[in-house]
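1. quick one, fold the following:
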Amino acid sequence: MEHNKIKAYFLRVDEDLRLPYQGYLGEIENTLSAKQKYVNFGKANGSIQVVSLTDEIDIICHDEGKLLGFPANRAWLDNEGEVLDLLVGNLLVVRCEGPDFTSIRESDIPYIEEYLKPVRVMDEVLVLIPPEILPKYNGGS
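-> Predicted coordinates:
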């Protein structure tokens, strides 16, 4: 069953400063165009890719973000703290039920924060950033 809006965990990165923001819970229209616009820094028709964080939690990102030079946002870590992948651009974390995206739960956030760590690339070195020192996102779409 599709809902008009779903709750999602937003992991944004500043396109110009190339610095990630603190994650936050919010709502987004449950449409392809809304998700495309979000991952494409507010511009229409971004190409989305869905990556499964768990069997029930998906990360929505820009399919060509690395090729387009989008800023680093989060390092995806395994259980030992090793980097599995570097995720770039704005990320949206939602739940999935079969083929449908559904609202994230507040109880999912600690898990997301444990495995998706804020990063910045400095002199070609990946630097983990403590989430508590990240700026809060204050507006816009």
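2. next, the distance between the ends of stretch 101-116.
-> 20 Å (C-alpha to C-alpha, to the nearest Å).
3. residue contacts, the residue nearest to residue 136 when sequence neighbours are not counted?
-> Residue nearest to residue 136 in three dimensions, not counting chain neighbours: residue 22, with 5.2 Å by C-beta to C-beta, 6 or more residues apart in numbering. Any C-beta I mention is one placed from the backbone N, CA and C, and that applies to glycine too. If a contact means C-beta atoms under 8 Å, 6 or more residues apart in numbering, then residue 22 has 131, 132, 134, 135, 136, 137 as its contacts.
4. once you drop chain neighbours, what's closest to residue 29?
-> Excluding the flanking residues, the one nearest residue 29 by C-beta to C-beta, 6+ apart is residue 5, at 5.8 Å.
5. next: residue 109.
-> residue 9 (6.1 Å).
6. quick check, residue 126 in contact with residue 77.
-> No: applying C-beta atoms under 8 Å as the test, residue 126 and residue 77 come out as separate, 11.2 Å apart.
7. between these two, which one's more packed in?
-> Between residue 126 and residue 77, counting by other C-beta atoms under 10 Å, residue 77 is the more crowded of the two (16 against 13).
8. so where's the chain uncertain?
-> Applying pLDDT under 70 to the chain picks out residues 1-3, 140-141.
9. how near is the residue most central in space within the chain to residue 138?
-> Centroid check for the chain by C-alpha atoms, centre = their mean gives residue 91 as the closest residue, at 1.9 Å. Distance, residue 91 to residue 138, by C-beta to C-beta, to the nearest Å: 18 Å.
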